[in-house]
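Undergrad: sequence-free structure coming up:
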């Protein structure tokens with residue numbers, strides 16, 4: 001928050017008439033109007049989530065310009081593709097919950113055993129497309145997503161809800177907001193389960209092995225293993241300038257999607273547990289011109305197996321021997337992160353708003369464990385063992401690792417003329433394992449008229465290597481490389497926000513980025529087989545984004561966006577692959593009768609190319625239509641909703657990894673599905 005409230009001037013009064021839109025804090029750490037924020041940002045509110053009938057975070061993010069949700073075969077974990085930037089685990093986008101990173105150290109993303117994210121307790125989601133490392137550090141590479149949960153003020157009283165849907169999907173939740181003495185309390189609990197959608201995988205990694213070695217072990221064609229059970233809980237306490245938050249997210253009895261090694265595994269079960277906490281203190285007006293804040297947060301993340309993975313099915317035969325019970329493994333990790341940060345806001349210099357911040361992160365992969373029935377030859381080829389044994393202390397897939405990060409940043413919002421604002425910032429991060437990196441940004445914002453704002457933006461970002469990329473020892477996919485350096489990205493953007501009329505907005509953005517030191521796997525020349533992570537290759541990209549909303553009247557609202565992008569692998573000078581070149585999303589919401597609302601949304605994904613070396617036919621374009629119908633009866637009355645997704649049962653496919661040797665066909669997504677929901681909120 002700003003150090004003190006600014007007086008309402010003529011521009012602000014006119015902005016209220018024309019409609020300043022949503023506010024956003026993710027762009028600078030201070031609350032600003034979305035139109036004037038020094039970033040290309042989007043906000044999705046709880047009302048938007050309800051209108052689109054979304055039941056999971058992935059469905060929400062698919063509605064945001066230039067974001068598309070791909071999948072990884074491993075656990076069918078979502079990959080958030082922003083502006084054509086994509087990788088096997090999607091660690092190039094920073095995920096925050098209430099401003100705190102939920103990054104896991106082992107893979108570097110939000111965790112492969114993700115299992116979805118519920119939406120009932122979300123107040124809003126703030127999204128930056130483009131670099132954010134000058135404020136947020138590592139992983140704010142292609143963008144930043146901040147999930148803000150409901151406070152006591154945003155969920156007064158008690159809400160109870162339940163949902164049932166296709167694929168034996170069930171959810172129930174309760175949330176409450178109120179006071180205990182002088183403390184504001186918001187609490188949320190949700191439990192759920194699903195059998196997962198019953199789509200078939202036509203062929204898998206073992207299908208190829210069968211052809212090579214004359215066996216018949218593959219379980220393909222066969223069904224994906226997408227079942228899971230879920231528990232989510234949050235507690236939010238506010239007392240004066242102090243705020244404490246606690247979170248719990250558990251996924252268990254969870255299937256492995258298309259298989260951990262891209263071979264169908266109907267029996268493997270996995271689970272993850274994420275425990276988060278944060279304590280923050282903010283005083284926006286210590287003096288007239290000075291505000292201070294501090295926060296301490298923790299995350300404990302565990303991923304382990306309730307039953308062992310079958311990387312390859314029973315009957316597998318490789319040149320090194322036979323696996324009558326299948327190729328079995330169970331890699332498990334335990335990690336914790338402590339983060340401490342402080343900042344000071346100062347607005348005592350005329351026209352300037354300075355923010356100085358510093359912090360320390362302690363990231364500790366403190367325990368690993370593995371059981372498997374194979375070991376490796378000197379050149380990395382798996383050889384069978386007579387039984388499943390623990391390899392934690394002999395040939396582990398990784399050893400415990402610890403990383404410490406110190407950082408400092410400075411940001412200045414300079415209103416140097418009546419209609420001009422320049423935001424400049426720089427952050428330096430010092431890592432204990434690979435050294436330091438400095439990332440600046442600049443944003444020039446011009447209110448050209450009362451209804452038009454223009455932004456010229458430039459920023460650099462980085463992604464630190466994940467522990468698996470740097471320190472992996474025995475891994476059938478790739479070996480770690482301790483000499484890795486961070487990936488780098490520089491992005492320039494030109495954006496226009498036009499209040500076309502008091503009930504309609506249009507945003508137009510042009511961007512170009514340049515990625516360096518991309519971390520990829522390369523053949524292991526010394527061993528003659530397998531692969532090793534290395535900084536290799538560059539990628540450039542450019543594109544256009546158009547977003548618009550129109551409140552036609554009090555009962556009808558239309559919104560949508562279109563994104564066009566081209567991403568080029570500079571090594572091969574071909575399309576980087578697997579991201580939509582064209583992505584169109586549109587939604588209409590209509591309130592009718594008394595207390596009823598219906599909606600429709602269309603999603604068109606087109607122009608996805610294969611990467612160099614992937615000789616499969618291009619991915620098919622697809623269009624889906626979703627419909628919703630809901631009541632809006634207010635408090636102390638039951639509300640009901642129904643959502644029908646993929647109305648026409650379109651065959652939606654997301655790309656399987658290149659070059660298609662493990663999964664020759666692409667990953668099927670959910671067919672037509674329905675969900676029915678009932679909830680009541682009382683004071």
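TA: Structure received. Remember, predicted model here, so these are calculated numbers, not experimental data.
Undergrad: C-alpha only now, for contacts and for neighbours.
TA: Fine.
Undergrad: Remind me which helix or strand residue 48 belongs to.
TA: helix 46-51 (DSSP states H and E).
Undergrad: Which positions in that helix come out as buried?
TA: 46, 49, 50, 51 (16 or more other Cα atoms under 10 Å).
Undergrad: That helix packs against which elements?
TA: strand 122-129 (3 or more Cα pairs under 8 Å, 6 or more residues apart in numbering; DSSP states H and E).
Undergrad: Pull up the pairing partners for the strand it packs on, direction included.
TA: Strand pairing for strand 122-129, determined by DSSP bridges: strand 41-45 (antiparallel), strand 143-149 (antiparallel).
Undergrad: tell me the most buried of those strands?
TA: Stretch with highest mean neighbour count among the strands paired with strand 122-129: strand 143-149 (a mean of 22; mean count of other Cα atoms under 10 Å).
Undergrad: contacting residues around that strand?
TA: 26, 82, 92-99, 121-132 (Cα atoms under 8 Å, 6 or more residues apart in numbering).
Undergrad: do that again at 7 Å, thanks
TA: 93-99, 121-132 (Cα atoms under 7 Å, 6 or more residues apart in numbering).
Undergrad: Buried among the residues you listed? Need that as a selection in PyMOL.
TA: Selecting only the buried entries of these in PyMOL, with 16+ other Cα under 10 Å as the criterion:
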select buried, resi 93+94+95+96+121+122+123+124+125+126+127+128+129+130+131+132
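Undergrad: what's around residue 663, how many residues?
TA: 24 (other Cα atoms under 10 Å).
Undergrad: Where does it sit: helix, strand or coil?
TA: coil (DSSP: H, G, I helix; E, B strand; the rest coil).
Undergrad: which ones are touching it?
TA: 203, 204, 205, 262, 656.
Undergrad: Looking at the strands paired with strand 122-129, spot the one closest to residue 416.
TA: Of all the strands paired with strand 122-129, it is strand 41-45 that lies closest to residue 416, at 22.9 Å by Cα to Cα.
Undergrad: any residues touching that closest one, and which ones?
TA: For strand 41-45, using Cα under 7 Å, 6+ apart, the contacting residues are 123, 124, 125, 126, 127, 128, 129.
Undergrad: so which of those comes closest to residue 234?
TA: residue 123 (13.0 Å).
Undergrad: correct me, but that closest one touches residue 46?
TA: Yes - the criterion here is Cα atoms under 7 Å, and residue 123 meets it with residue 46 at 5.2 Å.
Undergrad: which ones are touching residue 309?
TA: Residue 309 neighbours (Cα under 7 Å, 6+ apart): 268, 269, 328, 329, 330.
Undergrad: Counting neighbours, what do you get for residue 653?
TA: So residue 653, with other Cα under 10 Å, has 18 neighbours.
Undergrad: show me what contacts the closest residue in space to it that isn't next to it in sequence?
TA: Computed as Cα to Cα, 6 or more residues apart in numbering, the closest residue to residue 653 that is not its neighbour in sequence is residue 668, at 4.6 Å. In this structure, residue 668 makes contact with 199, 652, 653, 654, judged by Cα under 7 Å, 6+ apart.
Undergrad: Would you list the buried entries among those residues?
TA: Here, 16+ other Cα under 10 Å leaves 199, 652, 653, 654 buried among the contacts of residue 668.
Undergrad: from those, which single one is nearest residue 676?
TA: residue 199 (21.6 Å).
Undergrad: what sits against that closest one?
TA: Contacts for residue 199 (Cα under 7 Å, 6+ apart) come out as 223, 224, 668.
Undergrad: all strands for the stretch 351-500 of the chain, in order.
TA: 352-376, 382-390, 401-417, 420-431, 435-449, 452-463, 487-501 (DSSP state E, counting those that start in this stretch).
Undergrad: Next, format these as JSON lines and append mean pLDDT and mean neighbour count.
TA: Formatted as JSON lines, the strands of the stretch 351-500 of the chain follow (pLDDT from 0 to 100; neighbours: other Cα atoms under 10 Å):
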{"stretch": "strand 352-376", "mean pLDDT": "95", "mean neighbour count": "19"}
{"stretch": "strand 382-390", "mean pLDDT": "93", "mean neighbour count": "16"}
{"stretch": "strand 401-417", "mean pLDDT": "97", "mean neighbour count": "18"}
{"stretch": "strand 420-431", "mean pLDDT": "98", "mean neighbour count": "20"}
{"stretch": "strand 435-449", "mean pLDDT": "97", "mean neighbour count": "19"}
{"stretch": "strand 452-463", "mean pLDDT": "97", "mean neighbour count": "24"}
{"stretch": "strand 487-501", "mean pLDDT": "97", "mean neighbour count": "21"}
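Undergrad: any chance of those strands in TSV, plus distance to residue 593?
TA: Supplementary listing: those in TSV, determined by distance: least, Cα to Cα, whole Å:
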stretch	distance to residue 593
strand 352-376	49
strand 382-390	64
strand 401-417	48
strand 420-431	46
strand 435-449	39
strand 452-463	36
strand 487-501	27
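Undergrad: just so I know, which of these lies nearest residue 179?
TA: Taking those one by one with Cα to Cα, strand 352-376 is closest: 32.2 Å.
Undergrad: what packs against the closest one?
TA: On a contact count with 3 or more Cα pairs under 7 Å, 6 or more residues apart in numbering; DSSP states H and E, strand 352-376 meets strand 327-346, strand 382-390, strand 401-417.
Undergrad: Direction included, what does that strand pair up with?
TA: strand 327-346 (antiparallel), strand 382-390 (antiparallel), strand 401-417 (antiparallel).
Undergrad: Between strand 420-431 and it, find me the angle.
TA: Relative orientation of strand 352-376 versus strand 420-431 (axes from the mean of the first three to the mean of the last three Cα atoms, to 10 degrees): 40 degrees.
Undergrad: from the chain's centre, how far out does strand 352-376 sit?
TA: 17 Å (Cα atoms, centre = their mean, to the nearest Å).
Undergrad: before we move on, what about stretch 251-263?
TA: 19 Å.
Undergrad: ok, and what's touching that stretch?
TA: 73-76, 115, 204-206, 224-231, 264-265, 268-273, 311-312, 662-663.
Undergrad: Repeat that for stretch 558-569.
TA: Residues outside stretch 558-569 that contact it (Cα under 7 Å, 6+ apart): 65-66, 83-84, 538-551, 574-576, 581-589.
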